[in-house]
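Chemist: Generate a structure from the sequence data that follows.
(chains A and B)
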Amino acid sequence: MTEATDSEAPSARQRRRYFLLGARAGISIPGLILASAFVGFSGLAKDAGFTLVETLFMVAVIWALPAKVVLVGAVMSGASLGAAAFAVALSSVRLMPMVMALVPELRGTRTPRWVLYALSHFVAVTSWVLSMQQLPAVPRELRTTYYAGLALFLMAANMLVVAAVFAVAESLPEPVSAALLLLTPMYFLTSLWGSARERAGHVAMVLGLVLGPVFHVVSPRFDLVAAGVVGGGLAYAFHRLGRRKRTP
Amino acid sequence: MTFDAFDSWWWPFLFILLAGWLATDFWRYLGVYLGGHLAEDSDLLVLVRAVATALVAAVIGNLIVFPSGALADTAVALRIGAAAAGFVAYLFLGRRILVGILAAEAVLATGFLLGP
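Modeler: Next up is the predicted model:
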């Protein structure tokens, strides 16, 4: 790797090279798992009545998979615009600390603010995990270029996945489409458990799993928000209580 | 104003923009704006993460208990069994996401083979 010193601006050739290196980092195990999650998401969106164009639009403007799954879930349960937006917003607060952690890694000495805003749109779990791993090895002035390559590759590749699933979904035998629809819950069941930073995350997950269906029976239109606030609140209370016990 | 409220072609896109784009990029932009001012382990962020986790878990629970399409034709016990098997496989076989997914799909496939 040719080191660019912090003082000199990288050449167009270096930029192109690191853009492609970033794209190549997308071809990895996390990238493959993400693609399989997108296979599941496409089946889910199609089943919920979204068209191919609407689904691709969701991929482009939302990108984060949990937010898209929450939006589809809200639409499926007939939520109003306000309730759907509130549920998506609640599920996406975690993007803020992720961006806050990424920005210091990403920023070069001369990086304009708008570049950081533009690149922050591509922050989601997979691109974040991959970039936090790889960025320290990339010369600082080329990190935004590298990240742009990684992010755009992941988005473009998964748009192709969505289009491919929409093309074949009609002709799939029933067990295969059932298996497809099981992909999304399994992807999140495992990745959510693995990404929890503290015990409260695991408590919140178990509570949400149970409260979601319970609130769905009680009040389908507000089930997600209610389960999030009640489950998350209880998990947080557990977190506070646990800490108080440890520091008497 | 639900997703199906209007018949016009642009309504679903506006719905996605407002409930999807605005509700996600707001947090991303705020993250850039705030830079590194909030500590990762601050109590506010623990609460925020817990609510977000419970909310996404609620969606997962609903997708398993009240699914749509072809999955809706399977028995609820089979779906919960498949998900539980996948999760246990994930926990005890090296915490690999792919292992969890494959184990769940294997149980579902077995259920299909054995009939309803």
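Chemist: Residue A:65 reaches residue A:41, doesn't it?
Modeler: Yes. Between residue A:65 and residue A:41 there is a contact at 6.3 Å, judged by CB atoms under 8 Å. (Each C-beta comes from the backbone N, C-alpha and C, glycine too.)
Chemist: for the nearest residue to residue A:221 once chain neighbours are set aside, what are its contacts?
Modeler: Leaving aside its sequence neighbours, residue A:221 sits nearest to residue A:79 (CB to CB, 6 or more residues apart in numbering or on different chains; 5.4 Å). Residues near residue A:79 by CB atoms under 8 Å, 6 or more residues apart in numbering or on different chains: A:87, A:221-222, A:224, B:2.
Chemist: quick revisit: compare residue A:65 and residue A:41 (neighbour count), which wins?
Modeler: Relative neighbour count places residue A:41 above the other of residue A:65 and residue A:41, with 26 against 23, counting by other CB atoms under 10 Å in any protein chain shown.
Chemist: State the number of residues packed around the residue nearest to the more buried one when sequence neighbours are not counted.
Modeler: Spatial nearest neighbour of residue A:41, excluding adjacent residues (CB to CB, 6+ apart): residue A:184 at 5.7 Å. Burial of residue A:184 is recorded as 30 neighbouring residues (other CB under 10 Å).
Chemist: Return the set of buried residues in the helix ranked longest in chain B.
Modeler: Scanning chain B for the longest helix, with DSSP state H as the assignment, gives helix B:43-65. Neighbour-count burial for helix B:43-65 flags B:45-65 (criterion: 16 or more other CB atoms under 10 Å in any protein chain shown).
Chemist: which residues of chain B fall in helices?
Modeler: Counting by DSSP H, the helices of chain B are B:11-16, B:22-34, B:43-65, B:76-92, B:97-114.
Chemist: do the same with chain A
Modeler: With DSSP H as the criterion, chain A has helices at A:12-25, A:29-47, A:52-61, A:65-76, A:81-92, A:95-106, A:113-120, A:125-134, A:143-169, A:174-195, A:199-218, A:223-246.
Chemist: Would you mind giving those as CSV with mean pLDDT added?
Modeler: Listed next are the helices of chain A as CSV, based on pLDDT from 0 to 100:
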stretch, mean pLDDT
helix A:12-25, 94
helix A:29-47, 89
helix A:52-61, 97
helix A:65-76, 92
helix A:81-92, 92
helix A:95-106, 84
helix A:113-120, 95
helix A:125-134, 81
helix A:143-169, 96
helix A:174-195, 88
helix A:199-218, 94
helix A:223-246, 88
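Chemist: Would you mind finding the most buried of those helices?
Modeler: helix A:65-76 (a mean of 27; mean count of other CB atoms under 10 Å in any protein chain shown).
Chemist: who does that one touch, helix- and strand-wise?
Modeler: Counting contacts by 3 or more CB pairs under 8 Å, 6 or more residues apart in numbering or on different chains; DSSP states H and E, helix A:65-76 is packed against helix A:29-47, helix A:52-61, helix A:81-92, helix A:174-195, helix A:223-246, helix B:43-65.
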